[in-house]
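# Got a sequence here, can you model it:
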Amino acid sequence: MTYCTPKAVQEQILKRKLAASGCAVSWNTDRPDAVTRRPALPDDLQLHLLGYVRDASSVLALEIASKAVLSLRRSPSRHKEHEQIWVGFLRARFPREAPALLSLGDNERRLGFPPRANARGLYEAFCTKERAVTNIDTVDLEVDDDASEELAFIARVGRFAGLVSWTEIEYHGRERPLLRWQPKSSEAPIGVLELDDVAEDATIEEVTGDRLRQELHVIDLRTMNCATLFSRIPTSIGLLGTYRRAICETHAAGFFMHDERVGFGQQLTTRLQHALDDGTCVCCLIEPILLLREVMPDCSSYNLALADFILNPFDWPVSTIVQSPEDVCGFMAEVIRQTHSLGVCVGKLL
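Just a heads-up that it's a prediction; the model follows:
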């Protein structure tokens, strides 16, 4: 009589042998006889790999698999170590935007407190960002005096990025608020641009490539949701002065809140004019403008001097165009909310 060891017992014996040899085992349910060997990764290596994953769901899976990260996350007394780990992940995944994003929590980190905009939340926000919808449904906007502190705007120009702040300048003969990012002159070298070619037969994209591509992202710090308002290459470049400066203008981006069945575009049409006049549409217009400064006369090498985002650049004289920082932030918070309610969820980190 021949005794046969049950299959389940055989599997357990094989698992123990493989584990003793330093391998973990996963079983293929479609092919029960197939066993896949994979090395058991040390925790420090798993932490290193977290910096290279491309989506939030993968981060969560690796985080759960790492006992080191879980122990840090569950220990309130070790929040500094946990924060520093995610600072590293954020810098590895978003090297251009990370310094600007992390500056949102610098004060709290400096004082030793957990930052409101922590690195893990910022990583999640940027991993799950959506392209903003330009036509949203009408709602009662929640606007208060602190609205401008609840949203963070991140600008990117080519390979550089920075935190955008509110300021006021004279534009078209009157003072108006706008969003501005002004890097230090040596921190954003664009390089050599043959801008004279643009005036001849070359397009701006052919001359500059993506070096002048402008993006504007906005994060709601209450929900840690993020939306990309636009990503565009300038449509015109003009040279100013003997010590040359270049002005780069781009088509304005329009966002409209209404209940009509057909959406609006950025051009002023008769239908849009009527909707703005009678209050059935509320609009926010943003025009990006870049100022480049030549490093030395006649060298054709430029630095980024500043990036401005002008509100209501066409001076449409209607009250239903939002322009103040509080109104714009309240409007954009609703754009973010409706964008994420309509978009495909990538998977939030728990």
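
# How many residues are close by Val262?
7 (other CB atoms under 10 Å). C-betas here are computed from N, CA, C, even on glycine.

# May I have the secondary structure class of it?
coil (DSSP: H, G, I helix; E, B strand; the rest coil).

# next one: the one 4 residues further on
When states are read from three-state DSSP, the local structure at Gln266 comes out as coil.

# And it, how far from Pro115?
Distance of Gln266 to Pro115, given as CB to CB, to the nearest Å: 36 Å.

# same check, this time on Gly330
24 Å.

# Name the nearest residue to Trp86, sequence neighbours excluded.
Ala119 (3.7 Å; CB to CB, 6 or more residues apart in numbering).

# and that neighbour, how many neighbours?
Ala119, neighbours per other CB under 10 Å, totals 24.

# what do you get for Tyr171?
17.

# what does Pro288 give?
The number of residues packed near Pro288 is 25, by other CB under 10 Å.

# correct me, but it touches Arg232?
Yes - Pro288 lies in contact with Arg232 (CB atoms under 8 Å); the separation is 7.1 Å.

# Find the residues that touch each one of these two.
Gln214, Thr250, Ala253 (CB atoms under 8 Å, 6 or more residues apart in numbering).

# Restricted to strands, list the residues you listed.
Gln214, Ala253 (DSSP state E).

# Let's have the shared contacts of Pro288 and Arg232 in a markdown table, adding distance to Glu326 and neighbour count.
A markdown table is the format used below for the shared contacts of Pro288 and Arg232 (distance: CB to CB, whole Å; neighbours: other CB atoms under 10 Å):
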| residue | distance to Glu326 | neighbour count |
| --- | --- | --- |
| Gln214 | 24 | 21 |
| Thr250 | 25 | 20 |
| Ala253 | 20 | 20 |
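
# where along this structure do the helices fall?
With DSSP state H applied, the chain shows helices at 7-20, 43-50, 56-65, 67-73, 79-93, 98-102, 106-111, 119-127, 147-150, 204-208, 270-277, 325-342, listed in chain order.

# For the longest one, enumerate the helices and strands it packs against.
It refers to helix 325-342. Secondary-structure packing of helix 325-342 (3 or more CB pairs under 8 Å, 6 or more residues apart in numbering; DSSP states H and E): strand 130-131, strand 135-136, helix 147-150, strand 151-157, strand 214-220, strand 225-232, strand 253-257, strand 282-294.

# Which strands and helices lie in contact with the last one?
Contacts defined by 3+ CB pairs under 8 Å, 6+ apart place strand 282-294 against strand 214-220, strand 225-232, strand 245-249, strand 253-257, strand 301-311, helix 325-342.

# Kindly reformat these as JSON lines containing mean pLDDT and distance to Ala275.
Formatted as JSON lines, the helices and strands packed on strand 282-294 follow (pLDDT from 0 to 100; distance: least, CB to CB, whole Å):
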{"stretch": "strand 214-220", "mean pLDDT": "95", "distance to Ala275": "24"}
{"stretch": "strand 225-232", "mean pLDDT": "94", "distance to Ala275": "21"}
{"stretch": "strand 245-249", "mean pLDDT": "83", "distance to Ala275": "26"}
{"stretch": "strand 253-257", "mean pLDDT": "94", "distance to Ala275": "8"}
{"stretch": "strand 301-311", "mean pLDDT": "91", "distance to Ala275": "19"}
{"stretch": "helix 325-342", "mean pLDDT": "93", "distance to Ala275": "16"}
